[in-house]
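here's my sequence, what's the structure:
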Amino acid sequence: MYNLLKGKRGIIFGALDSNSIAWKVAERAHEEGAEFVLTNAPIAMRMGTINELAEKTGSQVIPADATSLEDIQNLVDKSVEILGGKIDFVLHSIGMSVNVRKGRHYTDQKYDFTTKGWDVSAVSFHKVMSVLYKSNAMSEWGSIVALTYMAAQRVFPDYNDMADNKAYLESIARSFGYFFGRDHKVRVNTISQSPTPTTAGQGVKGFDGFINYAEKMSPLGNATALECANYTISLFSDLTRKVTLQNLFHDGGFSNMGVSEAVMEYFTEEE
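Sure thing, here's the model as predicted:
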C-alpha cells in the first residue's frame with residue numbers, strides 16, 4: 001500500500017455488505033491509512049453486515065437517514081468529534097428506486113415512489129453537501145465523490161427512473177461543486193462505474209445479460225467493485241487536487257464504444 005490517505009478523516013455512506021462498492025472503498029481507505037465513520041440508513045443496517053466492516057476497519061457506525069437534514073447534521077457533528085477534526089473525504093454511495101422494486105414500468109410510474117427514489121438517490125447528495133458546507137466541516141482540498149451510472153446520458157430501458165436520478169445527481173455535483181470549490185477549496189466529482197454485481201445492481205431487470213454485454217463491449221472489460229474503490233481512493237488523495245466538477249467514467253472504455261468486434265460477431269451469421 002502507499003499510505004495515500006494517511007492522516008485523513010472521512011465519512012463513507014452506503015456500505016451494505018461485502019459486495020458493495022462502498023464496502024470496498026472502506027477497506028481500501030483503511031489500508032491506505034485513513035480513519036472514517038461508516039453510515040447507512042437504519043433499515044439498510046438491519047439488512048446488511050456493516051458492523052463486521054466497522055470491526056475490521058476500526059470504525060464507528062452512525063446510523064443516518066440521508067434524506068433527513070437533522071440526521072445528516074448529527075452525523076457530521078459526531079464524525080468531526082469522533083475523528084478529531086474536519087473531514088477530508090466523503091463517499092456518497094446511495095441509490096434506490098421504489099418503482100424498480102415494485103415492478104413499475106418507466107412509462108407507468110407511481111409518482112410517490114418516484115419522489116422517494118429521487119430524494120434518496122439524488123437530493124440526499126445536495127443535503128449532505130449543504131450540511132457540510134454550512135457547517136464548514138470539510139478540510140481545504142477535501143474530496144467528495146458520488147457514484148453514478150451512464151444511464152444518466154444514454155438510454156438503458158430497465159434502469160427505469162434511476163436514470164433520471166443519476167442525471168440529477170451529476171448536475172448537483174457540478175453545481176454544488178462550484179460553490180464548494182470557490183469557497184472552501186473542496187473537490188466534488190462523480191464516478192460513472194461499470195455495471196457491478198452489488199445487491200442494488202442485481203435488482204435491476206436483465207442485469208446478468210447486460211453485464212455480459214458490457215463486458216464484450218469494453219476493450220478493458222468491466223471494472224470491478226475493488227477497481228472502483230481504488231479509483232475512488234485516488235480521488236480522495238492529494239494526487240488529484242485539481243480534479244473537480246467532473247463525471248469520470250470508470251468502465252473499461254464502454255462509454256466511448258459504438259460497437260465491438262465481439263458484439264458484431266455475436267449478431268453476424270457465419271456465411
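
where does the protein have its least confident helix or strand?
helix 42-47 (a mean of 81; mean pLDDT, DSSP states H and E).

next, the buried residues of that helix.
44-45 (16 or more other C-beta atoms under 10 Å). In this view, the C-beta of every residue, glycine as well, is placed from N, C-alpha and C.

check stretch 89-103 too.
Using 16+ other C-beta under 10 Å as the test for burial, stretch 89-103 gives 89-100.

reformat those as JSON lines; add pLDDT.
Compiled in JSON lines, these are given as follows (pLDDT from 0 to 100):
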{"residue": "Phe89", "pLDDT": "99"}
{"residue": "Val90", "pLDDT": "99"}
{"residue": "Leu91", "pLDDT": "98"}
{"residue": "His92", "pLDDT": "98"}
{"residue": "Ser93", "pLDDT": "98"}
{"residue": "Ile94", "pLDDT": "96"}
{"residue": "Gly95", "pLDDT": "95"}
{"residue": "Met96", "pLDDT": "94"}
{"residue": "Ser97", "pLDDT": "96"}
{"residue": "Val98", "pLDDT": "96"}
{"residue": "Asn99", "pLDDT": "96"}
{"residue": "Val100", "pLDDT": "94"}
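
tabulate those residues (TSV), appending secondary structure and distance to Trp118.
Shown next, in TSV, are those (DSSP: H, G, I helix; E, B strand; the rest coil; distance: C-beta to C-beta, whole Å):
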residue	secondary structure	distance to Trp118
Phe89	strand	25
Val90	strand	20
Leu91	strand	20
His92	strand	15
Ser93	coil	17
Ile94	coil	12
Gly95	coil	11
Met96	coil	10
Ser97	coil	9
Val98	helix	10
Asn99	helix	10
Val100	helix	13
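
partners of the lengthiest strand in the chain in the sheet?
Ranked by residue count and defined by DSSP state E, the top strand of the chain is strand 138-148. Using DSSP bridges, strand 138-148 pairs in its sheet with strand 87-92 (parallel), strand 187-193 (parallel).

about what we covered before: gap between the least confident helix or strand of the chain and the chain center?
18 Å (C-alpha atoms, centre = their mean, to the nearest Å).

let's see it as CSV, backbone CA atoms only.
Provided in CSV are the C-alpha atoms of helix 42-47 (Å, rounded to 0.1, in the frame of the first residue of the first chain):
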residue,chain,number,x,y,z
PRO,A,42,-31.2,2.2,9.9
ILE,A,43,-33.3,-0.2,7.7
ALA,A,44,-30.2,-0.9,5.5
MET,A,45,-28.1,-1.6,8.5
ARG,A,46,-30.6,-4.2,9.6
MET,A,47,-30.4,-5.8,6.2
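
which other residues reach that helix?
14, 16, 50-51, 61, 63, 65 (C-beta atoms under 8 Å, 6 or more residues apart in numbering).

of the residues you listed, which belong to helices?
50-51 (DSSP state H).

of the contacts of helix 42-47, which belong to strands?
Val61.

shaky segments in this protein?
199-206, 269-271 (pLDDT under 70).
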